[in-house]
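[1] need a 3D model of the following:
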Amino acid sequence: MTAHPAYDPDPDDPVDILLALPHEYHAQFRAEYTAAVDNARRPEHFHQLQEMLRTWRLRAIAYSSPGYDGRLAEARDDQSEGVVPAAQLIPGWPNGRPRK
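    Down below sits the predicted model:
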């Protein structure tokens, strides 16, 4: 018989996200986390905290992946062939930014 943990770890645990994030992103994460927690005091805004944590978990994975800085620089320099800007593909995405 094998023992199973009493709970499943939360993949969006803020401590785990901080541990995975490169140090230069910690201040931004903490500021956004503080704002999201403050907003989550209202039940209708709780989902925004969950979304923020999920987004930062995915960012942590990307930011800490090997070659991220090079891929980011390439995207910024638009050196990739065959890249189509989001504004051309997604209706309502003016100037590369989603509508709020």
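[2] switch to C-alpha atoms for all contacts and neighbour counts from now on
    Will do.
[3] ok, Leu53 touching Pro14?
    Yes - Leu53 lies in contact with Pro14 (Cα atoms under 8 Å); the separation is 6.8 Å.
[4] settle it for me: which of these two has more neighbours?
    Leu53 (21 against 17; other Cα atoms under 10 Å).
[5] any idea which element that one lies in?
    Take DSSP states H and E as the rule and Leu53 turns out to sit in helix 46-63.
[6] number of residues surrounding His45?
    14.
[7] that should have said Pro94, apologies.
    Neighbours around Pro94, by other Cα under 10 Å: 12.
[8] contacting residues for it?
    Ala87 (Cα atoms under 8 Å, 6 or more residues apart in numbering).
[9] what's the helix holding Leu53 in contact with?
    Outside helix 46-63, the residues that touch it by Cα under 8 Å, 6+ apart are 11-14, 17, 20-22, 29, 32-33, 36-37, 39-40, 68-69.
[10] what comes up buried for it?
    Neighbour-count burial for helix 46-63 flags 49-50, 52-54, 56-57, 59-60, 63 (criterion: 16 or more other Cα atoms under 10 Å).
[11] what is the mean pLDDT for that helix?
    The average pLDDT within helix 46-63 is 93.
[12] can you give me the offset of that helix from its chain's centre?
    A distance of 4 Å separates the centroid of the chain from that of helix 46-63, by Cα atoms, centre = their mean, to the nearest Å.
[13] quick check: next helix or strand after it?
    helix 68-77.
[14] check which helices and strands the helix or strand just after that next one is in contact with.
    Per DSSP H and E, the first helix or strand lying C-terminal to helix 68-77 is helix 86-89. In terms of contacts (3 or more Cα pairs under 8 Å, 6 or more residues apart in numbering; DSSP states H and E), helix 86-89 is not packed against any helix or strand.
[15] can I get the CA coordinates of helix 86-89 in PDB?
    Taking Å, rounded to 0.1, in the frame of the first residue of the first chain, the C-alpha atoms of helix 86-89 are listed here in PDB:
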ATOM      1  CA  ALA A  86      -1.900  39.800 -33.800                       C
ATOM      2  CA  ALA A  87      -3.600  43.000 -35.000                       C
ATOM      3  CA  GLN A  88      -3.900  41.400 -38.500                       C
ATOM      4  CA  LEU A  89      -5.300  38.200 -37.200                       C
END
